[in-house]
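1. Predicted model, plus sequence, below.
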Amino acid sequence: MKKYAYIGFLGFLAVITTEFGVIGILPQIAEHYKISIDEAGYLLSAFALVIALTGPFMTLFTSGFDRKKIMFTSIAIFLITGFVSSFSPPFWVLMLVRILPAFLQPVYIATALSVAVSNAEESKKNELMSIVFSGVTVAMVTTVPFATWISSLWSWEYSFMIQTVVSFIALIVIYFMLPSMPVKEKKSYGTQLKILSQPTFILSTAANFFMITAWFSTYSYFADYLNKAEGMNETMVSYMLFVFGIIGVISTWLAGKMLNKNVTRTTAFFLSGTLIIPVLLYFSNGNLLSTIVVIGIWGFMYSPSFLNASTYMISSAPHSLEFANSLATSFGNLGVTLGTTLGGWMIVTKGVEYNPWIGFVFGILAFLMMMLRSFYEKKESRILVCRE
C-alpha cells in the first residue's frame with residue numbers, strides 16, 4: 001500500500017536528515033570545537049559504525065515487536081538527540097547523542113521497508129521500496145541543503161534544529177496515520193540466519209559494502225571538497241547540495257522503475273558513476289559551469305546508491321526480507337564508515353582533491369563482486385539443469 005510507503009518515506013527523511021545533515025556543516029563544527037576536519041568526520045563515521053556493528057542484532061531482537069511501536073520509538077530517539085545537539089554541547093556529548101539513535105536506525109529502515117511491501121504484489125515491491133528510499137534523495141534536496149544554508153546564515157546549531165523539526169513531523173504522522181501492526185508470525189532466528197551461508201548473498205553483501213565505500217569517500221566531505229578543491233563558499237555549497245538533491249529525486253524514481261525490470265543491470269549502471277565522476281571532476285578543473293554539470297551527473301548516479309545496493313543484496317535473499325534489509329543497512333553504513341575514514345585520511349595526508357580516486361578503486365571492487373555473483377549463479381543454474 002502506497003500510504004505505508006509514504007509514511008516510511010517521511011520517517012526515512014528524518015533519519016537521513018539526522019545522519020547526513022552534518023555533512024554540510026563539518027567545517028563549521030571543526031572550527032567551533034577547534035578540531036581537524038577528519039576528527040569532525042567522526043560524527044558521521046561513528047554513527048555509521050554503530051549501525052554496522054549492531055544493526056542485524058537489533059533487527060533480530062525487535063523482529064517480534066509491533067511495527068508501529070518500533071517506528072515510533074526509533075523516530076522519538078532521533079527527535080530527542082537532535083534537540084540536545086542543537087545546544088552545542090561539549091564534543092564528547094555531541095558524539096554520544098549522535099551515536100544513540102544509530103542503534104535504532106537500521107531497525108527503523110528494515111521495519112519501514114517491510115511495512116511498505118507487506119501487502120504488495122511482487123511486481124510492485126521494488127517501486128514501493130523506492131518510495132521509502134526516496135527519503136534519502138528528498139532529504140538531499142530539501143532538509144540537508146536547507147539546514148546547511150540556515151547554518152551558513154546563522155550558526156551550525158540551527159542545522160540540528162531543522163533535524164528536530166523533521167523528526168517531530170514524522171513522529172506525529174506515524175502516531176496518527178499508521179495502524180497498530182503486531183507481528184503475527186515471527187520467523188526463527190535460525191531461519192533468518194541461513195542467508196549468511198549463501199555464497200550469492202555473501203558476494204552481494206561485499207558489493208554493497210564496496211559500492212557505498214566508493215561513494216562516501218568523497219561525498220562525506222562534499223562541503224570540504226567543493227570549498228577547497230573547487231573554491232566554493234558555504235552558500236554556494238548549499239546551492240550545490242540542492243542541485244545534487246533535486247536531480248537525485250528524479251534518478252531515485254527512475255531507479256525504482258528500472259529495478260522492477262532488471263536489478264543487476266540497474267545496479268551496474270548507477271555504480272558506473274564511481275568510475276565516471278572522478279574523471280569528470282578531474283577534467284572540470286575548477287571551471288564553475290563544468291563543475292555544476294558534473295555535480296548534477298554526480299547527484300544522478302549517486303542518489304539511488306542505497307536503494308540499488310539494498311535491492312541488489314535483498315534479491316539474493318527474498319525470503320528473509322527484514323534481516324536482509326538490516327544487513328544491507330549495516331554493511332552500507334560500514335561502507336560509510338570506511339569511506340569517511342579513508343576520505344579523512346586522504347585529506348590529511350594528500351589533499352581533498354584526491355578523494356574521488358578512492359571511490360574509483362572501490363567502484364572497481366564492487367563491479368568485481370557483481371561479476372563473481374553472476375558467475376556463481378550461472379554455475380548453479382548449470383548444475384541444476386544437469387541434475388534434472
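-> Thanks, I have the structure now.

2. Now do the helices in the stretch 151-300 of the chain.
-> With DSSP state H, counting those that start in this stretch as the criterion, the stretch 151-300 of the chain has helices at 157-177, 189-193, 199-219, 222-228, 234-261, 263-271, 273-284, 288-302.

3. Can you tell me which of the ones you listed is nearest to Ala324?
-> Smallest distance to Ala324 across the helices of the stretch 151-300 of the chain (Cβ to Cβ): 7.5 Å, for helix 199-219. For every residue, glycine as well, the C-beta is placed using N, CA and C.

4. Quick test: name the residue nearest the centre of the chain.
-> Nearest to the mean C-alpha position of the chain, counting by Cα atoms, centre = their mean, stands Phe306 at 5.0 Å.

5. in which helix or strand would I find that one?
-> Assigning secondary structure by DSSP states H and E places Phe306 in helix 305-314.

6. I'd like the distance from that helix to the chain centre, please.
-> How far helix 305-314 lies from its chain's middle: 10 Å, per Cα atoms, centre = their mean, to the nearest Å.

7. Mind listing what's buried along that helix?
-> 305-314 (16 or more other Cβ atoms under 10 Å).

8. Neighbours of Leu178, how many?
-> Residues near Leu178, counting by other Cβ atoms under 10 Å, number 19.

9. How about Leu104?
-> By other Cβ under 10 Å, 25 other residues sit near Leu104.

10. Okay, the nearest residue to Ile314 once chain neighbours are set aside and Pro56: tell me how far apart.
-> Among residues not flanking Ile314 along the chain, Ala324 sits closest, at 4.7 Å (Cβ to Cβ, 6 or more residues apart in numbering). For Ala324, the distance to Pro56 equals 10 Å [Cβ to Cβ, to the nearest Å].

11. Between the two, point out the one with more neighbours.
-> A count of neighbours by other Cβ under 10 Å puts Ala324 above the other of Ala324 and Pro56, at 26 against 23.

12. now do the same end-to-end measure for stretch 255-272.
-> 14 Å (Cα to Cα, to the nearest Å).

13. Compare the helices of the stretch 151-300 of the chain and give me the one nearest Thr81.
-> Here helix 157-177 is closest among the helices of the stretch 151-300 of the chain (Cβ to Cβ), at 8.9 Å.

14. quick one: contacts of the closest one?
-> Identification of contacts with helix 157-177 by Cβ atoms under 8 Å, 6 or more residues apart in numbering yields 3, 7, 10-11, 13-14, 17-18, 21-22, 24-25, 68, 71-72, 75-76, 78-79, 82-83, 85-88, 143, 146-148, 150-151.

15. Pull out the buried residues from these.
-> Buried among the contacts of helix 157-177 by 16+ other Cβ under 10 Å: 7, 10-11, 13-14, 17-18, 21-22, 24-25, 68, 71-72, 75-76, 78-79, 82-83, 85-86, 143, 146-148, 150-151.

16. helices or strands up against the strand or helix carrying Phe57?
-> Phe57 belongs to helix 42-62 when assigned by DSSP H and E. Secondary-structure packing of helix 42-62 (3 or more Cβ pairs under 8 Å, 6 or more residues apart in numbering; DSSP states H and E): helix 2-20, helix 26-33, helix 91-99, helix 105-116, helix 321-349.
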